[in-house]
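In: task: produce atomic coordinates for the following.
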Amino acid sequence: MGILLNGLGNLSGKVGDVVFRQRNGKTYIAKAPKRRSNYVSEETIQRRNKFAAAGHIARAINSMPHFKEIWNFGGNKKSSPYNKIFKRIYTCLKENDYTIGGILPNHGDIFIKCRFEYLRNKIITELIEPEFEGIVYTEKELFLMVTGIVVLTEPVNVMDQPMRVIAIKSNINELNMKFPNKIEFEFCGCDLAEVCGYNNKEFYLHLMTLDANGKVQRYSCQIDQFYK
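Out: Alright, predicted model coming up:
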């Protein structure tokens, strides 16, 4: 900031690109501050939306021990599971679509054919039959469960959150080869009425086998289901 020493008088205020200020009888000159623009680019909005979507999904996955278990937590051991999940999801999500693709591990065994039902009052996965004849489970595989997330968008009430991600899981069922076999779900932290409050529902699920201690032994490829 400069000081005006000549006899032009006590100048104050903005003139062109400079500002005059009076302090202790002296006139100071400074460059006028630039007015900040409220404009936000479309690219910035997309990055913010993607960051928020990845955070919603990562928190839902991180809330379920069995779900976290099927992720590969290699790399930096100092990084928390949540940060690793977030980074992986953020990297995989597309800029213009924050739900389809890359949410869950896209690898896994295909060991049971299943059919997914979403009804007004319940959710059911029906296990139809083994994927191929002669499938053998290891002696450690004693139980079966389904776990995953549902991504809700397009709320009926415009005052609701534009996007919600809810963890869902089934009860732990005894593993058997009796088909068909229906497994019912429950939502974690919400009820079916809240889910019905959104027009677009996208389910991402995994079937998994557990040992006697509840540790995941094998999990299926991702099961995708979309409902309007």
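In: list the buried residues in stretch 147-165.
Out: Using 16 or more other C-beta atoms under 10 Å as the test for burial, stretch 147-165 gives T147, G148, I149, V150, V151, L152, T153, P155, M163, R164, V165. Where C-beta positions appear, they are placed from N, C-alpha and C, glycine not excepted.
In: ok, which stretches of this protein are helices?
Out: Along the chain, the stretches classed as helices by DSSP state H are 42-62, 65-69, 81-92, 192-196.
In: who's in contact with stretch 170-190?
Out: The contact list for stretch 170-190 (C-beta atoms under 8 Å, 6 or more residues apart in numbering) reads 63-64, 122-130, 137, 141-147, 150, 166-169, 194-195, 209-210, 214.
In: which strand residues bridge F203?
Out: F203 has these beta-bridge partners by DSSP bridges: V150, Q225.
In: can I see the domain layout of the chain?
Out: Per automatic domain parsing, the structural domains of the chain span 2-31, 42-227.
In: what's the average pLDDT for the shortest one?
Out: When pLDDT is averaged over domain 2-31, the result is 63.
In: go on, stretch 46-59?
Out: In this model, stretch 46-59 has an average pLDDT of 88.
In: please tell me how far the spatially most central residue of the chain sits from Y137.
Out: In the chain, the centroid-proximal residue (C-alpha atoms, centre = their mean) is I57; its distance is 1.5 Å. Distance of I57 to Y137, given as C-beta to C-beta, to the nearest Å: 31 Å.
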